[in-house]
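Novice: Provide a 3D model corresponding to the input given below.
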Amino acid sequence: NIHLLIRREKNDMGTLSFKIALKNNLYGVDQSDKFFCKKLQLNEDMVSLKVRVLYNSSAYCQLPFALFDPDRKLRMLKTGEGGVGIVETECSVSHNSADKGGIPGVLKKGTWILIIHKRRMGSNANADICVTWKEGRRDVEPTTLSFSKHIIKKTPGWYCGELHVHSNHSTGRDSIATILEVAKKEKLDFISITDHFTVSHWMEEEFYKNDEILMLQAMELSGDRGHANLQGIKEMKNPYVDDDGFLAQIFGVDNLPDMANIADEVHNEGGLFTINHADGDGISAWRYHDFPLEKADLFEAWTTATKDFSMRLPAIWDNILNQGIRLIGVASSDSHKATEHPFWALGKLRTWVYAKELSQKGIIEGLKRGNVYMAKGDTRLIFEAISNPKVYHMGEVAGKAEDTVFHIKLENVPRGNLFIYIGGQLENSIYFKDGAPIEYEFSIKSKLTSLKEHYVRIEYYEMPQEPKYWGDVLRTQSTLLLLSNPIWLKK
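Specialist: You can find the predicted model right below:
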């Protein structure tokens, strides 16, 4: 299946080209069910390197490619939308620059490893691979990233942002400059660009490190059985969490890190592991049933990208909370297009975090504490518990139910219904015909003997029209406006 051609051109240029047949259900020397791999022996130091992959298929295929250097560091990982018929992708790196998906730096001689990921294969595909380089050597100082250490504000308070955003470094449609422009227009305080399969966006984020919008250092891990955002990390993580043993053999190790191993790595770096769109479209829904849920930190409890599926997410979240696993709920637009999109538009669905300062450290610590809520548009929430006579916030443990009074304040909300949940079960719903501002206090009257866990959370839904009948409510993805994190109670 491989036809190799190596030639040296003028001006110290070299070219290596070959053809391959990528097939489903094929395991051989160079490919498995999931991956194709080729070791490239490049015998001279280089100042630039380019990989072009062109494939032709009769059904939809998406075939990202990656290139690892002789030190087994990832130097490029290019993901496109894929397609039917002829699809072409390419990526270039040099000692001081790179295309989107590439990491600049020293290009040393030795054995490089090219990997083609059979991520989506509707049919077999024939591929033409071309690697070109220019010989030479440049001594390069290691790249030092500092944007994640930037402190925007040193004052404590509520800060809002988007924790799941894609740029054109992977499958997003917009540049980072456009994303920042929209974020300012929407009055966001922070964003987290979580591109698939790459951290090349970090290099560009460094350019904007003094911007008024805080940018978290993050990436999205996109496995075959679910996706996870890694927030506040320092190093790129293994993107191939579903290795069938083939890549481990190629790299000469026993195993490549899986989702659980990577969660441990994230925590060692002070970061947070997020379970994304757990009940999505099937392809991207979370199906790592062997993953220890206690290794996760955050859970996307409300997403716009999954549309009507999003209504099931709070119930899945409650199921996890009732196992005693206290994941913090966050919102997500999973934005791939910052403007003019019905569900990807940036800033329409926000995560509010109470933080000691507007910095990556402050936001990460605030998320860990759980004083967090999710909101659509400009709606705002205060949710507190008063117990003997201390005030407790979301994420904290108050007193026993009989000793606690809950206080709610809603701002910028229209006519609608407030829902109060205890241990994931509906306790009460209250209709407010006049909208905001709304203040409401309540205590728990029910006996909680049948509940596994004692916690209280709230939801608020808009009622676009005056209800025709008593008790008539409208609860849909489009009418949900506010979703709180829980306040826990002592049993």
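
Novice: mind checking the longest strand of this structure?
Specialist: Assignment by DSSP state E gives strand 46-62 as the longest strand of the chain.

Novice: which strands and helices sit next to the next helix-or-strand element following that one?
Specialist: As assigned by DSSP states H and E, the chain's next helix or strand after strand 46-62 is strand 65-68. The criterion is 3 or more Cβ pairs under 8 Å, 6 or more residues apart in numbering; DSSP states H and E, and the helices and strands that strand 65-68 contacts are strand 46-62, strand 74-78, strand 83-94, strand 110-117. For the C-beta atoms, the positions are set from N, CA and C on the backbone; glycine is no exception.

Novice: any chance of these in JSON lines, plus distance to residue 393?
Specialist: Putting those into JSON lines (distance: least, Cβ to Cβ, whole Å) gives the following:
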{"stretch": "strand 46-62", "distance to residue 393": "43"}
{"stretch": "strand 74-78", "distance to residue 393": "40"}
{"stretch": "strand 83-94", "distance to residue 393": "46"}
{"stretch": "strand 110-117", "distance to residue 393": "43"}
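
Novice: nearest to residue 435, of these?
Specialist: strand 46-62 (45.5 Å; Cβ to Cβ).

Novice: Report the mean per-residue pLDDT for that closest one.
Specialist: For strand 46-62, mean pLDDT rounds to 95.

Novice: Make sure residue 17 is actually in contact with residue 53.
Specialist: No - with contacts defined as Cβ atoms under 8 Å, residue 17 does not count as touching residue 53, sitting 11.1 Å away.

Novice: Just want to know which of the two has more residues nearby.
Specialist: A direct count of neighbours by other Cβ atoms under 10 Å for residue 17 and residue 53 places residue 53 higher, at 22 against 15.

Novice: what bridges to that one?
Specialist: Beta-bridge partners of residue 53, counted by DSSP bridges, are residue 89, residue 129.

Novice: residues contacting it?
Specialist: 63, 65, 78, 88, 89, 90, 116, 127, 128, 129 (Cβ atoms under 8 Å, 6 or more residues apart in numbering).

Novice: for those, which one is nearest residue 315?
Specialist: Ranked by distance to residue 315 (Cβ to Cβ), these are led by residue 63 at 36.1 Å.

Novice: how about the strands in the stretch 251-400 of the chain?
Specialist: 272-275, 298-303, 328-332, 349-355, 358-359, 372-376, 380-387, 390-393, 397-400 (DSSP state E, counting those that start in this stretch).

Novice: can I get these in CSV with mean pLDDT?
Specialist: Putting these into CSV (pLDDT from 0 to 100) gives the following:
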stretch, mean pLDDT
strand 272-275, 98
strand 298-303, 95
strand 328-332, 96
strand 349-355, 97
strand 358-359, 97
strand 372-376, 97
strand 380-387, 96
strand 390-393, 97
strand 397-400, 93
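
Novice: would you list those in JSON lines and tack on mean neighbour count and distance to residue 419?
Specialist: JSON lines is the format used below for the strands of the stretch 251-400 of the chain (neighbours: other Cβ atoms under 10 Å; distance: least, Cβ to Cβ, whole Å):
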{"stretch": "strand 272-275", "mean neighbour count": "25", "distance to residue 419": "23"}
{"stretch": "strand 298-303", "mean neighbour count": "26", "distance to residue 419": "14"}
{"stretch": "strand 328-332", "mean neighbour count": "27", "distance to residue 419": "15"}
{"stretch": "strand 349-355", "mean neighbour count": "25", "distance to residue 419": "18"}
{"stretch": "strand 358-359", "mean neighbour count": "22", "distance to residue 419": "31"}
{"stretch": "strand 372-376", "mean neighbour count": "24", "distance to residue 419": "14"}
{"stretch": "strand 380-387", "mean neighbour count": "20", "distance to residue 419": "13"}
{"stretch": "strand 390-393", "mean neighbour count": "14", "distance to residue 419": "20"}
{"stretch": "strand 397-400", "mean neighbour count": "17", "distance to residue 419": "20"}
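
Novice: Relative to residue 259, which of those strands is closest?
Specialist: strand 272-275 (8.6 Å).

Novice: who touches the closest one?
Specialist: Residues from elsewhere that reach strand 272-275 (Cβ under 8 Å, 6+ apart): 163-164, 226, 228-232, 262-263, 266-267, 286, 293, 295-300, 327, 330, 364, 367-368.

Novice: The residues you listed in helices, which ones?
Specialist: When those are checked against helices (DSSP state H), the matches are 262, 263, 266, 267, 364, 367, 368.

Novice: now the first one, nearest residue through space, not along the chain?
Specialist: Sequence neighbours aside, residue 237 is the residue nearest to residue 262 in space, at 4.9 Å (criterion: Cβ to Cβ, 6 or more residues apart in numbering).

Novice: Setting the sequence-adjacent residues aside, check what's closest to the residue nearest the centre of the chain.
Specialist: Nearest residue to the geometric centre of the chain (Cα atoms, centre = their mean): residue 229, 3.2 Å. Counting by Cβ to Cβ, 6+ apart, residue 229 lies nearest to residue 274, which is 4.0 Å off, once chain neighbours are set aside.

Novice: what do you get for residue 112?
Specialist: residue 40 (4.5 Å).

Novice: A strand includes the one you found, no?
Specialist: Yes - Residue 40: assigned to a strand according to DSSP: H, G, I helix; E, B strand; the rest coil.

Novice: my guess is it meets residue 114, correct?
Specialist: Yes - with contact defined as Cβ under 8 Å, residue 40 counts as touching residue 114 (5.9 Å).
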